[in-house]
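**Q** Take a look and give me a structure for this.
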Amino acid sequence: ASGVKRPRLVEPELPFLGEPDIRRLVAAAPRDLKPFIVVLADTGLRRGELLELEWRDVDSARGTVLVRRSKTGRGREIPLTSRAQGVFEDLRGNRGPIPLRGEDPVFAGLLALKRMPHTREGHVPGSDRDRLEARLTTRFRRLTKSLGMTGVSVHTLRHSCASRMVAAGVPLSFVARVTGHSTLSCAARYGKHAPTDAGRIA
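**A** Sure, this is the predicted structure:
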């Protein structure tokens, strides 16, 4: 097969939600789903990174959140938009008792989990975190379907955050730093959203 020419790899088209789409989603979302949509859309966090956030990672004074563990194995600090910062302030104001030890997750208690049947061994299948992630996925899919948005998933919010930054003229190196992409080639997929006068801006 040494003489066979390798076909050119074509990157799949990434779904993109603009600011009007984000606002439409937030407006139509149930109250307990809104915080997830806003934070994911305005920070580019991965779903797992979002659910692992603890209150010690949220710096309200500086307007940032700290990702301690990521897919790439490296942590990063993410600046918050005023909209995302408002969500964290609301959640902090409505949080329950502060645990004296152990984890203190930001999004605990949201998207009330359905009780799962016990197995013969007496254990509930899957962790609370697993069920919360599945619940978020299901609820978001149901919302987008009701709005006629096809091909849109929770991960689309991450893609859209990166694309909106590029469209605003943010350099790809900065976009990659915020989203946690391991290489610029990964972030370069959003390059087509760059403004037409990107050269002049640069």
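**Q** which residues are contacting stretch 25-40?
**A** 17, 22, 41, 45, 47, 50, 83-84, 87-88, 90-91, 107, 110-112, 136, 139-140, 143-144, 146-147, 149, 154, 157-158, 161 (Cβ atoms under 8 Å, 6 or more residues apart in numbering). Backbone N, C-alpha and C define where each C-beta goes, glycine included.
**Q** what sits against the closest residue to residue 79 other than its chain neighbours?
**A** Distances taken as Cβ to Cβ, 6 or more residues apart in numbering put residue 64 closest to residue 79, at 5.5 Å, once the chain neighbours are dropped. Residue 64 makes contact with 77, 78, 79, 80, according to Cβ under 8 Å, 6+ apart.
**Q** next helix or strand past whichever helix in the chain runs longest?
**A** Determined from DSSP state H, the single longest helix within the chain is helix 128-146. Tracing the chain past helix 128-146, the next element assigned as helix or strand by DSSP states H and E is helix 154-167.
**Q** same for that next one, what does it pack against?
**A** helix 19-28, helix 34-43, helix 128-146, helix 172-179 (3 or more Cβ pairs under 8 Å, 6 or more residues apart in numbering; DSSP states H and E).
**Q** which one of those is the most hemmed in?
**A** For these, the largest average neighbour count (mean count of other Cβ atoms under 10 Å) is found in helix 34-43, namely a mean of 23.
**Q** Helix 172-179 and that helix, what's the angle between them?
**A** In terms of direction (axes from the mean of the first three to the mean of the last three Cα atoms, to 10 degrees), helix 34-43 departs from helix 172-179 by 150 degrees.
**Q** Numbering from 31 from now on, please.
**A** Sounds good: first residue 31 from here, last item helix 64-73.
**Q** got the angle between helix 64-73 and helix 184-197?
**A** 40 degrees.
**Q** what's the angle between helix 64-73 and helix 158-176?
**A** Using the same axes, to 10 degrees: helix 64-73 against helix 158-176 is 80 degrees.
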